[in-house]
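S.K.: everything below, folded, please.
(chains A and B)
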Amino acid sequence: MLAIAGPPSRTVSPVPPEATGAAQERAIVVAAQAGSDEAFSALVRLHQRRAYAIVRAIVLSHEDAEDAVQEGFLHAHRALDRFRPDQPFGAWLYRIMANAALDLVRRRKVRDADELPESIPMPFRDPAESGELRSRLRQALTHLTDRQRAVIVMHDVEGFTHGEIGRTLGIPEGTARSDLHHARAALRRLLQDMRSTP
Amino acid sequence: MTHDRWTTGDSELTGALRALYAAPADERYWDALEARILAHVARGDEHAGWYGELADMMRPGLIAAAGLILAASLAMVHSRQADARSAYATVISPSAAALEPASRASAVGDGDAAIHFILSH
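M.R.: All right, here's what the predicted structure looks like:
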C-alpha cells in the first residue's frame, strides 16, 4: 500500500470533469481510444478523486478503495474502445468504478467468511481517529447493506444527487432515495444510545 | 449536488461521517495514486497481452487436436462398419469349411440308419 497516504480531510472536493469542458474531455477520450498513454493519464488525473470518492463509499477501507480505483481504471482502459465518445465519460467511468468496488466487497466477504467469521471490519487505520462517535459510527456502518452504505456516503459525504447515485450504482432514483431513508433510520437506531448521552 | 443535513442534532454525526470517508488532502498522495493506477493498467495490459499470445498459440494446437480426434473417431467407426459387414457376410453365405462337417455328419447319420434298417430286417 502507498506509504504517503496521509490523514483524510473533508476539505478536498473531487475535481469536476466539467471543469475541463465536455469538448476537451471528448478529445482526450478519443486520443486515449487511439492508444495515447498520455491521454489516458490525463483521464486518470481528471477523474481519480471522484472515482476514489465513489469506491470509498462502497468499500469498507481506504486500502480497498485504492485497490478498487486501480482495478476500475484497468477495466475502463480495456473497455475504452467500446465507449462512445458522444456519451458522458464520467458516468460511464463511475459505473465501472462502482462495479469494481462492489466486486471487491463481494470477494472480501468471501475471504473474511473463510478467515475471520467473528471479526468486525476496522477500516482506515488513522491514528488521529479516536473519538467514540467515529468508532461507533464505523461499527454501525457495517450493519448497513453495501448499497445503503454506498448511498448514504455518496449523498451525505460526497454530495451526489439521488439521480447521480442511481445512475452510478445502476439502481432507480427512487431506490436510491429509499436506501438513503433506510440507511439514516438504521444509523439513528444504532447510534441512539450514544446520541442520547449528554 | 445536494447536502441536506439530517437535522441540527445530526451535524456531529454528519461531521464524523465526512471525516471517516473524506479523501486524502495531500496532493502528493494523488500524484502517487495516479502513478500506481497507470502502473497497474500497464501491468494488466502486459498480462492480457501475454495471455492473448498464449491463447493465440493454443488455438492452432486445439484445432489440430480436434482434427486428430475426429480422424480417429472416423477410423474407428469405419473399422466397426467393416467388422459388421464381414460378420453379416459370414452369416448369410456360410463358408464351405463351416458346412462340410455338417454334411459329413449328415452322411454318417444316413449310413448308420441304413445299417440299422438292414440288420433289423
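S.K.: and the next element down the chain from the longest helix seen in chain A?
M.R.: As assigned by DSSP state H, the longest helix anywhere in chain A is helix A:89-115. Counting by DSSP states H and E, the next helix or strand C-terminal to helix A:89-115 is helix A:132-141.
S.K.: by contact count, what packs against that following helix?
M.R.: Judged by 3 or more C-beta pairs under 8 Å, 6 or more residues apart in numbering or on different chains; DSSP states H and E, helix A:132-141 is in contact with helix A:173-196, helix B:11-21. For every residue, glycine as well, the C-beta is placed using N, CA and C.
S.K.: for it, list the C-alpha coordinates in PDB.
M.R.: Written as PDB, here are the backbone C-alpha positions of helix A:132-141 (Å, rounded to 0.1, in the frame of the first residue of the first chain):
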ATOM      1  CA  GLU A 132     -16.100   7.300  20.400                       C
ATOM      2  CA  LEU A 133     -18.600   8.600  17.900                       C
ATOM      3  CA  ARG A 134     -16.400   7.800  15.000                       C
ATOM      4  CA  SER A 135     -15.700   4.400  16.400                       C
ATOM      5  CA  ARG A 136     -19.400   3.600  16.900                       C
ATOM      6  CA  LEU A 137     -20.200   5.100  13.600                       C
ATOM      7  CA  ARG A 138     -17.700   2.900  11.800                       C
ATOM      8  CA  GLN A 139     -19.200  -0.100  13.500                       C
ATOM      9  CA  ALA A 140     -22.700   1.000  12.800                       C
ATOM     10  CA  LEU A 141     -21.900   1.400   9.100                       C
END
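S.K.: now do the buried residues in it.
M.R.: A:133, A:134, A:136, A:137, A:138, A:140, A:141 (16 or more other C-beta atoms under 10 Å in any protein chain shown).
S.K.: so what's residue A:77 closest to, chain neighbours aside?
M.R.: Leaving out its chain neighbours, the residue that sits closest to residue A:77 by C-beta to C-beta, 6 or more residues apart in numbering or on different chains is residue B:41, at 4.8 Å.
S.K.: scratch that, residue A:86
M.R.: Nearest non-adjacent residue to residue A:86 (C-beta to C-beta, 6+ apart): residue A:26, at 7.8 Å.
S.K.: so what's the one you found up against?
M.R.: Residues near residue A:26 by C-beta atoms under 8 Å, 6 or more residues apart in numbering or on different chains: A:85, A:86, A:89.
S.K.: in the longest helix of chain A, what's buried?
M.R.: If you call a residue buried by 16+ other C-beta under 10 Å, then helix A:89-115 has these buried ones: A:89-90, A:92-102, A:104-105, A:108.
S.K.: sketch out the low-pLDDT regions of chain B for me.
M.R.: Low-confidence segments of chain B (pLDDT under 70): B:1-10, B:13, B:47-57, B:94-111, B:121.
S.K.: of all the helices and strands packed on helix A:132-141, which one is nearest residue A:65?
M.R.: Residue A:65 sits nearest to helix B:11-21 of all the helices and strands packed on helix A:132-141, at 9.3 Å, using C-beta to C-beta.
S.K.: does that closest one reach chain A?
M.R.: Yes. Counting by C-beta under 8 Å from any C-beta of the partner chain, chain A has neighbours in helix B:11-21: B:12, B:13, B:14, B:16, B:17, B:18, B:19, B:20, B:21.
S.K.: re the thing from before, pick the one among the buried residues of helix A:132-141 closest to residue B:25.
M.R.: Distances from residue B:25 to the buried residues of helix A:132-141, taken by C-beta to C-beta, are shortest for residue A:134, at 17.6 Å.
S.K.: how about that closest one: what's its closest non-neighbour residue?
M.R.: residue B:16 (4.9 Å).
S.K.: how much space between that neighbour and residue A:137?
M.R.: Distance, residue B:16 to residue A:137, using C-beta to C-beta, to the nearest Å: 5 Å.
S.K.: and residue A:170, by the same measure?
M.R.: With C-beta to C-beta as the criterion, residue A:170 and residue A:137 are 27 Å apart.
S.K.: again, but for residue A:66
M.R.: 22 Å.
S.K.: all set now, cheers.
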